[in-house]
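> Please find the sequence and the predicted model below.
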Amino acid sequence: MSSSQAIIAFQDYDLGSTLASGQAFRWTFRDGAWEGVIGTHWVRLSQKPHGIEAERAQPVPEWQWLTHYLQTDVNLAEVLRAFPQDEPLGRSVQECRGLRLLRQDPWECLASFILSSTKQIVQIQQIVGELCTRFGEPVPVPPGHKPFYTFPTAERLAKVTEAELRACKMGFRAPSLLKTSQMITAGEVDLQRLFSLNVDQAHNELLRFRGVGNKIANCVLLFAYGFQQAFPVDVWVMKALKDLYFPQRRPSAKRLARFTSTYFGPYAGYAQQYLFHYMRMKGRLPASSVSSSS
């Protein structure tokens, strides 16, 4: 289909919850639709009764890049049936039905979550936006529209100085992003190779990067590589788990780690996203919470 507009027809997809749930940081809600950049494509997405309407500034021969990103081929009913049948998850699914996981570019996802450390969503969006404006490439947008930019490549960022990165207001995260981009550019870690590894091997590879701990590694495994058993845990997720599953107890971090690795099953990452978003919607976590540690 060679067109600048398309309807991605399917049901059971909550576009707003998916794009605003702390997975990705380059989406803006404007005039009733979501605008962002996927790869080199500026795109405007609108929720419709029969699917998602997508608009591009220029005609494109196909839309597979968008359906891949949105993960529209995932059978959500199958995912939800695999969840443990408990009250917290039941409430979360009822309130957040249609929430999906995205499949992002590994480099953009890794770099974005390195920048997320100890920041709230709006701050991460500002840092990432400034980084793209300074070091990304402009993408086609509708006439008169404000400019949008690609996410800068690792090769591009490997050539800049720490001071130039700090000018994007990323603070102590600048050395981590710089070193990570240099390691990737030098071939010390091949992000594409991680697709061929098992989850534990891929996790260990990600831990080689400066500024990447278990939480960030699991975010990248879940949101970029599709390891749906990955379960990112930071202080906000830990608070959600304690409130929902251990209200009368004070489980240790080790006990919670054992619980999350065994209880939620093959779609643990999906379960985590539902629980986390549900707690934010109900005001039991800050609406802007996304990360508190690496």
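Structure received. Numbering: from 1, shown residues only.

> Check residue 252 and give its pLDDT.
With respect to pLDDT, residue 252 scores 84.

> For it, the count of nearby residues, please.
Neighbour count for residue 252, taken as other C-beta atoms under 10 Å: 8. Every residue, glycine included, has its C-beta placed from N, CA and C.

> Same check on residue 216?
By other C-beta under 10 Å, neighbour count at residue 216 equals 26.

> Helix or strand: which one has it?
Element membership for residue 216 (DSSP states H and E) is helix 214-223.

> could you dump that helix to PDB, C-alpha only?
Output of helix 214-223 as PDB, limited to C-alpha atoms (Å, rounded to 0.1, in the frame of the first residue of the first chain):
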ATOM      1  CA  ASN A 214      19.500  -5.400  36.400                       C
ATOM      2  CA  LYS A 215      16.600  -3.100  36.100                       C
ATOM      3  CA  ILE A 216      17.700  -1.300  32.900                       C
ATOM      4  CA  ALA A 217      18.900  -4.600  31.400                       C
ATOM      5  CA  ASN A 218      15.500  -6.200  31.900                       C
ATOM      6  CA  CYS A 219      13.800  -3.100  30.400                       C
ATOM      7  CA  VAL A 220      15.900  -3.500  27.300                       C
ATOM      8  CA  LEU A 221      15.300  -7.300  27.100                       C
ATOM      9  CA  LEU A 222      11.500  -6.700  27.400                       C
ATOM     10  CA  PHE A 223      11.000  -3.600  25.300                       C
END
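
> Other residues contacting that helix?
For helix 214-223, contacts defined as C-beta atoms under 8 Å, 6 or more residues apart in numbering pick out 23-24, 101-104, 106, 109-110, 113-114, 116-117, 199, 202-203, 206-207, 212, 227-228, 230-234, 269, 291, 293-294.

> Filter those down to the buried ones and express that as a PyMOL selection.
Entered in PyMOL, the line below selects the buried ones among the contacts of helix 214-223, by 16 or more other C-beta atoms under 10 Å:
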select buried, resi 23+24+101+102+103+104+106+109+110+113+114+116+117+199+202+203+206+212+227+228+230+231+232+233+234+269+291+294
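
> In helices only, show me the contacts of helix 214-223.
Residues of the contacts of helix 214-223 located in helices (DSSP state H): 106, 109-110, 113-114, 199, 202-203, 206, 269.

> what about stretch 252-270, how long is it end to end?
End-to-end distance for stretch 252-270, by C-alpha to C-alpha, to the nearest Å: 23 Å.

> wait, stretch 220-230
9 Å.
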